[in-house]
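Peer 1: Would you be able to build a 3D model of this:
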Amino acid sequence: MNHPPRVIEIKELLRDKTRNKVVFSDEGLTIEKKYGFGRNEFIASSEIAAFRFGVRELKGFKYSFGRQYFIELKDFNCKLCRIKFNSLYGIKNKEYYRVWADLLQDIWDYYLANQLNYYLEMFNIQQVFVLAGVKFQPEGISWNKQQVIPWDKVELKSYQSYFMLHHADDPDQFKCCIFSIDWNAVVLQSLLKAVIKEQARIKWGIRRGL
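Peer 2: Numbers count the residues shown, from 1 in each chain. Predicted coordinates:
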């Protein structure tokens, strides 16, 4: 899918001037840095191997004094491309949250949706593969050399900053994936949701004789 180029500006904390620009295109993502603080960064769309994101509390001795919004991309050579900005004492907290959310949505639309479609196709042709530490097989999933969980026994619970998957009959067989720590956790979550939904549809169709 062809997308028109899109630019998201990150403003300075104390002034309404642009600190960085993030430029999205089908060719890749560019971080334009102002005032000579480092070179512009570029990561080609074909080289985006993994992604993670989150919000960190900035804490002093006793109290939190701000938040850091961050996004990290990693290429196939393990080179990192980072976007991060801090809100201090509530200044621009809402604005920075909106910018962060817009960045996440565009990263998904421009680059990660294609990765999801790739893994869905791999699953549909019954190709065994591993994503974010989870092994996908036609009959179910497994991790850490544990027993395969059949698709009709896979349960998924989603939360704001992480999700958990586990065996429906054995809660002790579980895996927790944190979006800010585990690479490609959000792609894994989306893939699991899609496959579980499709497996349930197929099972329902078989039961009804469709």
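
Peer 1: average pLDDT across the biggest helix by length in the chain?
Peer 2: Criterion DSSP state H: the longest helix present in the chain is helix 185-207. Taken as a whole, helix 185-207 has a mean pLDDT of 84.

Peer 1: Would you mind listing the buried residues in it?
Peer 2: Buried residues in helix 185-207, defined by neighbour count with 16 or more other CB atoms under 10 Å: A185, V186, V187, L188, Q189, S190, L191, L192, V195, I196. C-beta here means a position set from N, CA and C on the backbone, and glycine is covered the same way.

Peer 1: Excluding sequence neighbours, find me the nearest residue to the fourth one.
Peer 2: Among residues not flanking L188 along the chain, A132 sits closest, at 4.2 Å (CB to CB, 6 or more residues apart in numbering).

Peer 1: returning to what we had before: dump the buried residues of helix 185-207 to CSV, plus distance to D169.
Peer 2: CSV is the format used below for the buried residues of helix 185-207 (distance: CB to CB, whole Å):
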residue, distance to D169
A185, 24
V186, 27
V187, 27
L188, 22
Q189, 22
S190, 25
L191, 23
L192, 18
V195, 19
I196, 16
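
Peer 1: Name the nearest of those relative to N20.
Peer 2: V186 (22.6 Å; CB to CB).

Peer 1: Without its sequence neighbours, what residue ends up closest to the closest one?
Peer 2: Nearest to V186 is F179, by CB to CB, 6+ apart, at 5.8 Å.

Peer 1: got a list of what the residue minimising distance to the centre of the chain touches?
Peer 2: With distances taken as CA atoms, centre = their mean, V186 lies nearest the centre of the chain, 3.6 Å away. V186 makes contact with F51, F53, W108, L112, F179 under the criterion CB atoms under 8 Å, 6 or more residues apart in numbering.
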